[in-house]
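Engineer: sequence first, predicted coordinates after that:
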Amino acid sequence: MLTDRQKAILSVIVRDYTNTGNPVGSKALASELNTHVSSATVRNEMAALEEKGLITKTHFSSGRVPSMEGYRYYVDHLVQPDPIEDSVEDMIKNSLHGEFNRIDEIIQESARVLSDLTNYMALTFNPERSDDFKLGGFRLVKLDERQVMAILVTQNGHVENQVFQLGDVSSEQLEIIVRIINDQLVGKSLSEVSKALQFELPALLAQYVHSPDGFIKIFGDMLNNASKDRVHVGGKLNLLKFAERQDLDYLKPLYNLLDTGDGMAKIINPDSNKVQVKIGSELRNDLLKNYSIITGTYDLKEYGQGVIAVLGPTRMPYSKVIGIVGALQEELTKKLLGYYENGNR
């Protein structure tokens, strides 16, 4: 339990550090507190906060920076969303009130707006019902002696198709492959289908096709593409501005992770409609240990739920970003409900 003074000091440390990136010293703190206290008193309170694990000393300065636990306490107990500026509200409304032909276009636009307003990377997920993103059907159409078109349909109507060379496979064998997939996998989620593709399906198909590896890879690529289409990304290059390390060995797997819609959905996975913050180790992925994700869920009633999210460094201005996410969440909900209920106009 923190005293009011300790809460005030922690708030100033988080605010100043997120604004400047510099450790915060006792003299600066004493001048910023609302009540007059000496630097010695501030140092004692800082020592208490450090003992509780909420702030830590850097190697380069006598000042303090928030720890992951400090950020968590601040977000849970102290942060107040910043009021939305008129210019920000106008930008959100003007961007979302244009002419759109598809839901995807609205969701993509919301990712762009969110990224522009925060200067971080934004991810927005299509609204999802319980029957969305499940396999609806699969077909293979032989185009000539060498080429085959694969067609994958999800239960929400999304279609993926790809032309590839399957080798010396008869039409009868293609029919068997299609029948196996439709009998075994239709109605299952795309993640369940992906697991079956890794384990059960290869051995089953090998009974009818001499070497099913090429087909397995094509089918896997199509599943991955179908999963990707539920997530839209804005400001991907913003990641380069705040990445702790700029080497390709670090950034390449990080970008690969962010390009995997299903993988990011599992990491974000909010459990309420409120704006939520996950920090560092809470994201359960070592690539994201120095990042935070702020999410907002938009609820479209019977039309499903979707998510908007901002990925930024743990040293981000939480009050500002939380305010923006909340405002966009509200406006996006109104826009999409209007789209559905007014006949997609």
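Structural biologist: Good, I have the coordinates. Numbering: from 1, shown residues only.

Engineer: measure the closest residue to Ser62 other than its chain neighbours to Val65 for me?
Structural biologist: Spatial nearest neighbour of Ser62, excluding adjacent residues (Cβ to Cβ, 6 or more residues apart in numbering): Gly25 at 6.1 Å. C-beta here means a position set from N, CA and C on the backbone, and glycine is covered the same way. To Val65, Gly25 is 11 Å away according to Cβ to Cβ, to the nearest Å.

Engineer: with neighbour numbers in mind, choose between these two.
Structural biologist: Between Gly25 and Val65, counted using other Cβ atoms under 10 Å, Val65 has the larger neighbour count: 22 against 18.

Engineer: the helix or strand hosting the more buried one: how far from the chain's middle?
Structural biologist: Here Val65, judged by DSSP states H and E, is contained in strand 64-66. Centroid separation for strand 64-66 versus its chain: 27 Å, with Cα atoms, centre = their mean, to the nearest Å.

Engineer: other SSEs contacting that strand?
Structural biologist: Packing partners of strand 64-66 (3 or more Cβ pairs under 8 Å, 6 or more residues apart in numbering; DSSP states H and E): helix 4-20, helix 39-51, strand 55-57.

Engineer: mean confidence for the last one?
Structural biologist: Same thing as strand 55-57. Over the span of strand 55-57, the pLDDT mean works out to 93.

Engineer: which secondary structure elements does it contact?
Structural biologist: By 3+ Cβ pairs under 8 Å, 6+ apart, strand 55-57 packs against helix 39-51, strand 64-66.

Engineer: now do the longest one: everything it contacts.
Structural biologist: By that I understand helix 39-51. 2-3, 5-6, 9-10, 13, 26-27, 29-30, 33, 55-57, 64, 70 (Cβ atoms under 8 Å, 6 or more residues apart in numbering).

Engineer: quick one, phi/psi of Val233?
Structural biologist: phi -120, psi 140 (degrees, to the nearest 10).

Engineer: quick check: it touching Ser110?
Structural biologist: No: under the criterion of Cβ atoms under 8 Å, Val233 makes no contact with Ser110, lying 11.4 Å away.

Engineer: between these two, which one's more packed in?
Structural biologist: More crowded of Val233 and Ser110, by other Cβ under 10 Å: Ser110, with 26 against 20.

Engineer: that one belongs to a helix, doesn't it?
Structural biologist: Yes: looking at Ser110 with DSSP: H, G, I helix; E, B strand; the rest coil, it is inside a helix.

Engineer: so how far is Val325 from it?
Structural biologist: For Ser110, the distance to Val325 - Cβ to Cβ - is 11 Å.

Engineer: tell me, what's touching these two both at once?
Structural biologist: Ile308.

Engineer: give me the three-state assignment for Asn126.
Structural biologist: strand.
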